[in-house]
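> got a structure for you, letters missing:
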């Protein structure tokens, strides 16, 4: 059974800092990995999707990496802004279409 | 990008009543929709997979008679929480896959609704 762990559970940084969010998983037989952003009381916004054959994806100030052999993924956010404050979720898709989510990292970027 | 509309955004109901949540794909046909539930400080957990025109597939531990799912069209799936109790209070969110795109394209991203916060008194 796939288990997804996200560390840290919460993170508070000053504006402008570069930061890394971590995601680890127990079963490397994945189809893809996605990073989502969730704002309070709202749905999920897909940020980056990494196929199992890929090692990283970039979108603007975001960069996500995937290392299946070690069961890890990181989300790097450059030059953080207060608008980046949200909960970031890591989710893995296995052979079926089901997504297995981590509990998320709550990020607060202070002005 | 693809849009999934979910209503209502929040609902408060009395114990014993039923609540219906709608999930609509606005600009694509969703052959498959997924219903998730999230308790406070917990991860999103898949409840059931809904396929258009067929019965939903429920995850282990999810009561199919309590959480009724209907996916009668390619753009609409509904989740009805029957005889709701306080322990059913949770954040419910749907997602949909665009059935019109080929493999390897952005359809592998699942598009999520905005979620429904259910509070049962």
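Noted; the coordinates are in hand. Owing to the predicted nature of the structure, the values given are computational and were not obtained by experimental measurement. Numbers count the residues shown, from 1 in each chain, chains lettered A, B, ... in the order given.

> now for residue A:6: which residues touch it?
By Cβ atoms under 8 Å, 6 or more residues apart in numbering or on different chains, the residues touching residue A:6 are A:21-24, A:88-90, A:102-105. C-beta: built from backbone N, CA, C; applies to glycine.

> leaving out sequence neighbours, find the closest residue to it.
Take residue A:6 and drop its neighbours on the chain: the residue closest to it by Cβ to Cβ, 6 or more residues apart in numbering or on different chains is residue A:102, 3.8 Å away.

> now do residue A:90
Leaving aside its sequence neighbours, residue A:90 is closest to residue A:23 (3.4 Å, by Cβ to Cβ, 6+ apart).

> about what we covered before: ok, of the contacts of residue A:6, which come out buried?
With neighbours counted using 16 or more other Cβ atoms under 10 Å in any protein chain shown, the contacts of residue A:6 contain these buried positions: A:21, A:23-24, A:88-90, A:102-105.

> remind me what the lowest-mean-pLDDT helix or strand in chain B packs against, helices and strands.
Of all the helices and strands that make up chain B, strand B:111-112 has the lowest average by mean pLDDT, DSSP states H and E, namely a mean of 87. Where contact means 3 or more Cβ pairs under 8 Å, 6 or more residues apart in numbering or on different chains; DSSP states H and E, strand B:111-112 is packed against strand A:44-51, strand B:90-98.

> which of those is buried the deepest?
When neighbours are counted by mean count of other Cβ atoms under 10 Å in any protein chain shown, the highest per-stretch mean among these falls to strand B:90-98, a mean of 24.

> what pairs with that one, parallel or antiparallel?
Looking at strand B:90-98 with DSSP bridges, its paired strands and their directions are strand B:30-38 (antiparallel), strand B:111-112 (antiparallel), strand B:116-120 (antiparallel).

> closest to residue B:84 out of the ones you listed?
For residue B:84, the closest of the strands paired with strand B:90-98 is strand B:116-120, at 4.5 Å, according to Cβ to Cβ.

> residues of that closest one that come out buried?
When neighbours are counted by 16+ other Cβ under 10 Å, the buried residues of strand B:116-120 are found to be B:116-118, B:120.

> next one: stretch A:62-80
By neighbour count, and taking 16+ other Cβ under 10 Å as the criterion, the buried residues in stretch A:62-80 are A:62-66, A:68, A:71, A:73-75, A:77, A:80.

> where does chain B have low pLDDT?
Segments of chain B classed as low confidence (criterion: pLDDT under 70) are B:1-2, B:99-109.

> one more pass at 50, please.
Applying pLDDT under 50 to the predicted model, the residue ranges of chain B that meet it are B:102-107.

> close to chain A: what parts of it are there?
For chain B, the residues found near chain A under the criterion Cβ under 8 Å from any Cβ of the partner chain are B:4, B:6, B:9-10, B:32, B:34, B:36, B:41-46, B:49, B:91, B:93, B:95, B:97, B:108-115, B:117.

> any low-confidence regions in chain A?
Along chain A, no part satisfies pLDDT under 50.

> ranges for the strands of it?
In chain order, chain A shows strands spanning A:4-7, A:10-14, A:19-25, A:32-38, A:44-51, A:56-59, A:62-67, A:72-77, A:86-93, A:99-101, A:105-110, with DSSP state E as the criterion.
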